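K.L.:
with the input below, show me the fold.
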Amino acid sequence: MAIFGTLQTAGSGLTVYRTWLDAVADNVANINTVTSTDDEAFRARFVVAQARQAESASGVGGVDVLGVVFGDPEGRLLYDPGHPLADEEGLVRAPDIDLGDQMVQMMLAQRAYQANLAVIDRARDAYQQAIAIGRR
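P.N.:
Here you go, the predicted model:
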């Protein structure tokens with residue numbers, strides 16, 4: 001394994017979880033965004049990640065963001081006759097996003113981000129101790 005493989009692997013995890021947190025924040029920020037029934041609803045973002053195959057020579061693996069999948073453009077119809085975008089029947093289109101689910105997703109991503117950050121901190125400390133031992 002490469003000497004800094006731990007940092008590379010955990011760093012790739014940080015990138016994925018930061019992207020996941022950004023997607024969740026975007027979803028939560030737009031949870032109350034409504035449009036007319038003629039338009040598409042805000043489409044929730046879902047991050048797709050895949051494990052990186054470890055390189056045989058270095059043994060360094062990790063994870064990569066493959067892309068983002070978007071939710072249903074149909075959303076859900078809400079009855080709000082006083083809204084300026086309401087149609088003749090008083091309906092508006094809202095995104096199909098569950099706040100409880102988004103909070104769970106945020107907690108998972110945040111804790112995984114923190115775990116990867118802790119790995120980087122521990123590896124850095126171990127590398128610094130090894131350098132200090134080598135100086136003696």
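K.L.:
other SSEs contacting the longest helix along the chain?
P.N.:
If you go by DSSP state H, the chain has its longest helix at helix 99-135. When contacts are defined as 3 or more Cβ pairs under 8 Å, 6 or more residues apart in numbering; DSSP states H and E, helix 99-135 packs onto helix 5-29. Using the backbone N, CA and C atoms, a C-beta is placed for each residue, glycine as well.
K.L.:
list of residues touching the helix it packs on?
P.N.:
By Cβ atoms under 8 Å, 6 or more residues apart in numbering, the residues outside helix 5-29 that reach it are 2, 44-47, 49, 52, 58-65, 68, 95, 97, 99, 102, 105-106, 109-110, 112-113, 116-117, 119-120, 123-124.
K.L.:
quick check: PyMOL command selecting the buried ones in the residues you listed.
P.N.:
Buried residues within the contacts of helix 5-29, by 16 or more other Cβ atoms under 10 Å, are selected in PyMOL with:
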select buried, resi 44+45+47+49+60+62+63+65+68+95+97+102+105+106+109+112+113+116+119+120+123
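K.L.:
about what we covered before: any idea of the mean pLDDT for the longest helix of the chain?
P.N.:
For helix 99-135, the mean pLDDT works out to 92.
K.L.:
how near is the residue most central in space within the chain to D26?
P.N.:
Nearest to the geometric centre of the chain sits W20, at 0.4 Å (Cα atoms, centre = their mean). Plainly put, W20 is 11 Å away from D26 if you go by Cβ to Cβ, to the nearest Å.
K.L.:
ditto for Q128
P.N.:
Q128 sits 37 Å away from D26, going by Cβ to Cβ.
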